[in-house]
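>>> Below is the structure, and that's it, no one-letter string:
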């Protein structure tokens, strides 16, 4: 299982997602261009000392990501989906794709994914923070597939 961030534009969210991935043992694909510099102190502050623990691949474009990615489905987390994430059956080789905080993903990306899921929320509200969405959906996906880290003594 992997997370993929499409052209992220808020460094704090990216740092938080990278920390989440490190703690849960999940690889991350970062699809450029970013809306911030990789050296941004806000990214480093949110990711803390976990950033070196993330299996990370950077891709210079959407096209390069599509060429480089391995097997498995590409599952888009989007407010335009109709399937709630907790009713979706995840697979161990899925890549969960998150869009830009400011604009999501373009139609080209929507058309290229294998599935779309949504986090149910109150109808009058627009969206949940991308890092929180990543945590909710990744947690469920790892639970379903038996890939949550085992902290048994």
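It's in. Quick caveat, the model's predicted, so the values are computed rather than measured.
>>> just the helices in this protein please.
With DSSP state H, the ranges of helices along the chain come out as 11-24, 41-47, 62-68, 107-112, 130-145.
>>> quick one: which of these is nearest residue 94?
With respect to residue 94, and counting by Cβ to Cβ, the nearest of the helices of the chain is helix 130-145 at 6.4 Å. Every residue, glycine included, has its C-beta placed from N, CA and C.
>>> If I average pLDDT within each of the helices of the chain, which one is lowest?
When the helices of the chain are ranked by mean pLDDT, helix 41-47 comes last with a mean of 83.
>>> follow-up on the earlier one: quick one: closest of the helices of the chain to residue 119.
helix 130-145 (5.5 Å).
>>> buried set for the closest one?
Residues 130, 131, 133, 134, 135, 137, 138, 140, 141, 142, 144 are the ones in helix 130-145 that count as buried (16 or more other Cβ atoms under 10 Å).
>>> next one: stretch 31-42
31, 32, 34, 40.
>>> about what we covered before: in CSV, list the helices of the chain along with distance to residue 2.
Shown next, in CSV, are those (distance: least, Cβ to Cβ, whole Å):
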stretch, distance to residue 2
helix 11-24, 8
helix 41-47, 17
helix 62-68, 11
helix 107-112, 16
helix 130-145, 10
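>>> how about these, which one is nearest residue 55?
Closest among these, using Cβ to Cβ: helix 11-24, at 8.0 Å.
>>> I'd like to know how far residue 62 sits from residue 50.
26 Å (Cβ to Cβ, to the nearest Å).
>>> quick one, which of the helices of the chain is nearest to residue 76?
Among these, helix 107-112 sits nearest to residue 76 (Cβ to Cβ), with 6.8 Å.
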